[in-house]
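> 3D model of this:
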Amino acid sequence: MNGPPNFGDEPPFTHVHYPTVDDDIPFGRQLATLCTTLHLAAPCFRGRAEPVGSQGSARRWEIDTEIKGRTVVPLTPDITYSVRYPDFMLGLQFAMQHAIARVCEAYHDEPPPDSVFRSFGRRVVGGNAVGPEILGEDPHMEDVQFQALEQNMVDIGKSLYNEMTRTDIAEDQVGILQGQLTMKTNEVNRRGDVILNMHAIMEQIMYEKDLLQLQYDQLQAQVNNTNPAPAPAQAPPPPQDEEMEPQEAQEMDTPATRTRSRAKNSGNTNFLSLP
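Residues are numbered from 1 along each chain as shown. Prediction:
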């Protein structure tokens, strides 16, 4: 038998099981015996694991069941269905129990009258258990027991499926919330990095400011050393009094004035003479 086909983006089937009369898996021996009694081929159960969820949850398993119908008269249709289960082995048991009930319903009148399979629980298309009305007005206790067990199995399967669905939805919501938390955390970290960068930039600016101030002070000192400051201006001295010689009156140059001048220069003040 070739390997299972790959259904596009869906994971391939990795597990295959055909029940046999010496099967040690629950419901495997009963199903193989029932199909042998009805001259049907052994059913095929194929399983594939779904991808792991975003939160690393346990893998869910999808199991496809195929029960081939007769290809000779009287012809019968195939019975196929696919159900999700928590894991492959538990799902295989549920799938084989489901197969027994579907075959018992589809071929109910064919087993011999004394066959135990006439008392087995039955399911209609869609997987629901048939109603108690099929047992008649005075059913045997074993018939009632088997059908009650079948209804119980249907209810357990539905509850299991609903719990898996709720768990998957909850895990998806947790994944969404964690994704939002991660985004907010990244945003907070980014803003923190911006603040740290701004702080570093401010420190660099203050450093450059101090460096420029130091360079300015050094240049100012060099300018002061090259051009010394002028001495402070002194107030002018106060004016002093000077002895002014009286200016002699200018006399007319006449014989008399010349005589008086000569007498003055010779120290003789009696310069007048009588005629």
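> what ranges does the chain have for its strands?
With DSSP state E as the criterion, the chain has strands at 15-17, 44-49, 61-67, 79-85.
> make a markdown table out of these and add mean neighbour count and mean pLDDT.
C-beta coordinates here come from the backbone N, C-alpha and C atoms, glycine included. Shown next, in a markdown table, are these (neighbours: other Cβ atoms under 10 Å; pLDDT from 0 to 100):
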| stretch | mean neighbour count | mean pLDDT |
| --- | --- | --- |
| strand 15-17 | 16 | 96 |
| strand 44-49 | 19 | 96 |
| strand 61-67 | 19 | 95 |
| strand 79-85 | 16 | 94 |
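> any low-confidence regions in the stretch 101-250 of the chain?
228-236, 238-250 (pLDDT under 70).
> just the helices in it please.
Secondary structure of the stretch 101-250 of the chain (DSSP state H, counting those that start in this stretch): helices at 141-226.
> check what pLDDT Ser54 gets.
Ser54 carries a pLDDT score of 55 in this model.
> do the one 5 residues further on as well
Looking at Arg59, its pLDDT is 77.
> so what's the nearest residue to it once chain neighbours are set aside up against?
Sequence neighbours aside, Ala49 is the residue nearest to Arg59 in space, at 4.4 Å (criterion: Cβ to Cβ, 6 or more residues apart in numbering). Contacts for Ala49 (Cβ atoms under 8 Å, 6 or more residues apart in numbering) come out as Pro11, Thr14, Arg59, Arg60, Trp61, Phe88.
> Gly192: which of those is nearest?
Nearest to Gly192, judged by Cβ to Cβ, of the contacts of Ala49 is Arg59 at 38.7 Å.
> measure that closest one to Thr36 for me?
Distance from Arg59 to Thr36, counting by Cβ to Cβ, to the nearest Å: 33 Å.
> what's the answer for Asp172, then?
Distance from Asp172 to Thr36, by Cβ to Cβ: 45 Å.
> not counting its neighbours along the chain, what's nearest Val154?
That would be Ala129: by Cβ to Cβ, 6+ apart, it lies 4.8 Å from Val154.
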